[in-house]
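[1] just coords:
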Ligand code: URA
């Protein structure tokens, strides 16, 4: 999801009806503040969350939203769906239709789902370079053993996408339960990785994304705003 970006002089001109030539004069005179700093550069690119004021009059002040949801099984990670309830339907907030999902979960996966309207934040979180850890608790139909650890760490070739998965960490919790840490999010990745062992996943639950943990505070289907430190330090 792209953030809405605009050139500062054009934004002010459209917002106030002042012609661009005069806007440039106002900028040169230091009468425009962007995020609390005097802005003189006509080429400055702002987005929908830049705080902009002219001569003390606020032209734009939108606060971005960052939300965590405890996604239940059976709810679809989409903003609209014909058949199933969506994660947006579970939210009780005015700006819910402005939010997008940061890293989907399958219909039958539960756990931590992040939503925001800040395209720059979600892009950073999802970028392959950023390598944000996603930790899942996985319940398997058949027993697992040490050979899984080696195979997950080595990466697996997915012919459909023609890629080899990034090294993934697998920790055995008990015979039928593992914790898996991924730094990427390929289509049905965990199910396909266990599929190589012909071992069906019967339960999948996301515990954390980077430093953001689902924790015990939320009941299934509940959501809350992220704290400032969760937003900054993820
Ligand atoms: N891997 C899967 O197979 N499903 C998910 O929802 C997440 C990771």
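    Alright, I've got the coordinates. Model, not experiment: these values are computed from the prediction.

[2] before we move on, which element is the nearest residue to residue 173 once chain neighbours are set aside in?
    Using C-beta to C-beta, 6 or more residues apart in numbering and skipping the chain neighbours, the partner closest in space to residue 173 is residue 179 (6.1 Å). Placement of C-beta: from N, CA and C, glycine included. For residue 179, the enclosing helix or strand under DSSP states H and E is strand 177-182.

[3] Same question for stretch 220-234: list its buried residues.
    Within stretch 220-234, the residues that count as buried by 16 or more other C-beta atoms under 10 Å are 221, 223, 226, 230, 234.

[4] What about these, which are in strands?
    residue 223 (DSSP state E).

[5] Walk me through the domains of the protein.
    What automatic domain parsing lists as the domains of the chain is 5-60, 66-232.

[6] Now render the ones you listed as TSV, adding mean pLDDT.
    Formatted as TSV, the domains of the chain follow (pLDDT from 0 to 100):
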stretch	mean pLDDT
domain 5-60	94
domain 66-232	96
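
[7] Can you redo the ones you listed as CSV, where the extra columns are distance to the ligand?
    Converted to CSV, these look like this (distance: least, C-beta to the nearest ligand atom, whole Å):
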stretch, distance to the ligand
domain 5-60, 29
domain 66-232, 3
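
[8] Please name every helix or strand in contact with the following helix or strand past the strand holding residue 179.
    Next in sequence after strand 177-182, counting helices and strands by DSSP H and E, comes helix 189-195. Of the remaining helices and strands, those touching helix 189-195 by 3 or more C-beta pairs under 8 Å, 6 or more residues apart in numbering; DSSP states H and E are strand 134-140, helix 146-154, strand 177-182, strand 201-209.

[9] quick one on the thing from earlier: got the buried residues for the strand holding residue 179?
    Quick answer for strand 177-182 (16+ other C-beta under 10 Å): 178, 180, 181, 182.

[10] Tell me where this structure has helices.
    8-16, 20-28, 119-126, 146-154, 189-195, 228-233 (DSSP state H).

[11] isn't residue 95 right up against residue 67?
    No. Shown here, residue 95 and residue 67 do not form a contact pair, counting by C-beta atoms under 8 Å, at 9.3 Å.

[12] So between the two, which is more surrounded?
    residue 67 (20 against 13; other C-beta atoms under 10 Å).

[13] could you measure the more buried one against residue 218, distance?
    Computed as C-beta to C-beta, to the nearest Å, the residue 67 to residue 218 distance reads 11 Å.

[14] Same check on residue 86?
    Taking C-beta to C-beta, one finds residue 86 at 18 Å from residue 218.
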